[in-house]
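predicted model, plus sequence, below.
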Amino acid sequence: MSALAEILFGGLFQGSLYAMMAVGLALVWTTIGVFNFSHGVFMMLGAYIAWQLVEIGLPAAVAFPVAVVVMAGVGWILQASVVRPLIGRPNIVLVVVITTLAAGSLIENGALTIWGPRSKQIPALIDGNTTIGGVGVSLHQIAIIVITPLILAALWVFLNRTRLGLALRAVAQNEDASHLVGLNVTALYGLAFAIAASLAGLAGIFMGGYRFMSPVMGSDPLLKALIVVVFGGISSISGPIFAAYLIGFFEAACSYYFGLYWTPALLFGVLILTLMVRPEGIFASRSRGLA
Amino acid sequence: MTPVLTVEGVTAGYGRVTVLHDISLEAGRFGNVGLFGPNGHGKTTLLRAISGLLKPKSGSIRFDGQDIAGLSARAIVGTGLIHVPQGNRLFPDLSIADCMALGAYSARARPHEAENREKVIKLFPKLAQRWRQRVRTLSGGERQMVSIGTALMSHPRLLILDEPTLGLAPKIKDELCASVMDISRGGVPLIVVEQDIEFLLELTQQLYLVNHGAVATEIKPGESLDHGEIMSMYFGH
């Protein structure tokens, strides 16, 4: 019983963090058709900005939303500086890998210069611990498990039930036709990056509340998010969400039965097998689109 | 009548390749305009330059007195010049309802959304039956109806159609022709690119033969041509 509870809880928790990261990555891929390798840095920066705001005396309830909004601005600026000028070029996918990696490296080292290498921590969403099914868990983690699906649902409603969301889905499917109905394609690209950066920043705040932060804290989650989107299929945003939780459960089960040491190897083994059988990802359709 | 659209000395292309060489024409003086000519000679490129998808290297494009060459596609949509691109590729995973909402996205079209939706449904009743269906699940003819319907939602003052009958069965072509005629009678002038000469002769009053990125021949109303003469222009005999 407690084994099951532990795997279930661990899976839900890790899955939530992966989903928050992967959804932003998938959003940028589906709308713009590029991979954002500074996505992990967005996560780190969100956490550090939140830490800084708490440090100057703001309550967490103010600091966290402000950090998320600031991250939207950061995402927009990054898009305008290292992605937008390259749109329309051949090889844009590879070129943007380089430019976003470079920008990420700059921001990472900038954070190291500003905030130093010492580990930091930000306040938990909710303090305290409890026991569920014989497993001790923190209320912070439970809050993350509850909040994440709400945020993902809100994103779904935004994409599927609002005019602006409709415009984002349209741009993902056909850029020329989007121009011809008068959409502001450049602004929509900026918006996709802004949303992705906010979600990553929020994931960073979640992580900074239970684990020590460092300027490189985003690189492992970025790797995991990449696995998630490759595994789930990058052509939609629902695919990566399912895949995020699936991988969360898989990791939790592996860690429980085989130990943390074997988990990455097993995860990559499954990924390679998946790609051999279904190269487009398990939940994917062959076309790009937000659904 | 003064022309609605005047294209003067436009040169345009992709990268180093120039497709349009100093092309000039005007539309709206004698009614609807048809463009025809061999594939790969610049008809679609010309339409892309007019609607702002492609920035002309030189020349002027005037729509209703305003120079629109070099404006963004979005700004041009805002003037009421609406372009239906070739091949009804549109938005495959959106529903018809979504496409219609997108058509009415511009600030100019939004106040007329309900009224234009009625018009589209009246013109293409078939679409109403499939309103929530994804575009990719529709037939070629229905997809073309969605393309034209989306453009009507944009409240056009001039409608540009790029090969609307491409790949359609003859019966569906005739239906579409009748619908497009209705649109024209409703007071929206047309520019139509078409390979089907019968379709063009029925729909338009003025024809341009576009060859090697320039106007080779202009056929004004009254200078009616038969099919054979046009075919010989095509093939240069």
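Good, I have the coordinates. Owing to the predicted nature of the structure, the values given are computational and were not obtained by experimental measurement. Residues are numbered from 1 along each chain as shown, chains lettered A, B, ... in the order given.

any weak-confidence spans in chain B?
Chain B contains residues with pLDDT under 70 at B:1, B:88, B:222, B:224-228, B:234-237.

what ranges do the helices span in it?
Counting by DSSP state H, chain B has helices at residues B:43-51, B:73-79, B:96-103, B:113-123, B:125-129, B:140-153, B:170-185, B:197-203, B:227-235.

next: the stretch 1-150 of chain A.
A:2-32, A:39-55, A:60-78, A:92-115, A:139-161 (DSSP state H, counting those that start in this stretch).

which one of those lies closest to chain B?
Comparing these against chain B with C-beta to the nearest C-beta, the closest turns out to be helix A:139-161 (9.4 Å). Using the backbone N, CA and C atoms, a C-beta is placed for each residue, glycine as well.

name the residues that touch that closest one?
A:9, A:12-13, A:16-17, A:19-20, A:23, A:124-130, A:164-166, A:168-169, A:195, A:199, A:202, A:206, A:209-210, A:237-238, A:241, A:290 (C-beta atoms under 8 Å, 6 or more residues apart in numbering or on different chains).

picking that back up, between the helices of chain B, which gets nearest to residue A:258?
helix B:96-103 (46.6 Å; C-beta to C-beta).

list the buried residues of the closest one.
B:96, B:98, B:99, B:100, B:101, B:102, B:103 (16 or more other C-beta atoms under 10 Å in any protein chain shown).

picking up where we left off before, restrict the contacts of helix A:139-161 to those near chain B?
Among those, the residues lying close to chain B (C-beta under 8 Å from any C-beta of the partner chain) are A:166, A:169.

just give the nearest non-adjacent residue to residue A:109, would you?
Distances taken as C-beta to C-beta, 6 or more residues apart in numbering or on different chains put residue A:215 closest to residue A:109, at 7.6 Å, once the chain neighbours are dropped.

cool, and residue A:256?
Closest to residue A:256 by C-beta to C-beta, 6+ apart is residue A:7, at 5.5 Å.

can you check residue B:216 too?
Closest to residue B:216 by C-beta to C-beta, 6+ apart is residue B:209, at 4.6 Å.

do residue A:73 as well
residue A:194 (7.3 Å).

what about that neighbour, which SS state?
Classification of residue A:194 using DSSP: H, G, I helix; E, B strand; the rest coil returns helix.

so it is in contact with residue A:70, correct?
No: using C-beta atoms under 8 Å, residue A:194 is not in contact with residue A:70; the gap is 10.7 Å.

who's more crowded, the two?
Neighbour totals were compared for residue A:194 and residue A:70, and residue A:194 leads with 22 against 19 (other C-beta atoms under 10 Å in any protein chain shown).

please tell me how far that one sits from residue B:139.
39 Å (C-beta to C-beta, to the nearest Å).

now the helices of chain B in JSON lines, with distance to chain A?
Below are those laid out as JSON lines (distance: least, C-beta to the nearest C-beta, whole Å):
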{"stretch": "helix B:43-51", "distance to chain A": "6"}
{"stretch": "helix B:73-79", "distance to chain A": "3"}
{"stretch": "helix B:96-103", "distance to chain A": "5"}
{"stretch": "helix B:113-123", "distance to chain A": "11"}
{"stretch": "helix B:125-129", "distance to chain A": "17"}
{"stretch": "helix B:140-153", "distance to chain A": "6"}
{"stretch": "helix B:170-185", "distance to chain A": "17"}
{"stretch": "helix B:197-203", "distance to chain A": "21"}
{"stretch": "helix B:227-235", "distance to chain A": "28"}
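
separate out the buried members of the contacts of helix A:139-161.
The neighbour-count test (16+ other C-beta under 10 Å) marks A:9, A:12-13, A:16-17, A:19-20, A:23, A:124-125, A:165-166, A:168-169, A:195, A:199, A:202, A:206, A:209, A:237-238, A:241, A:290 as buried among these.
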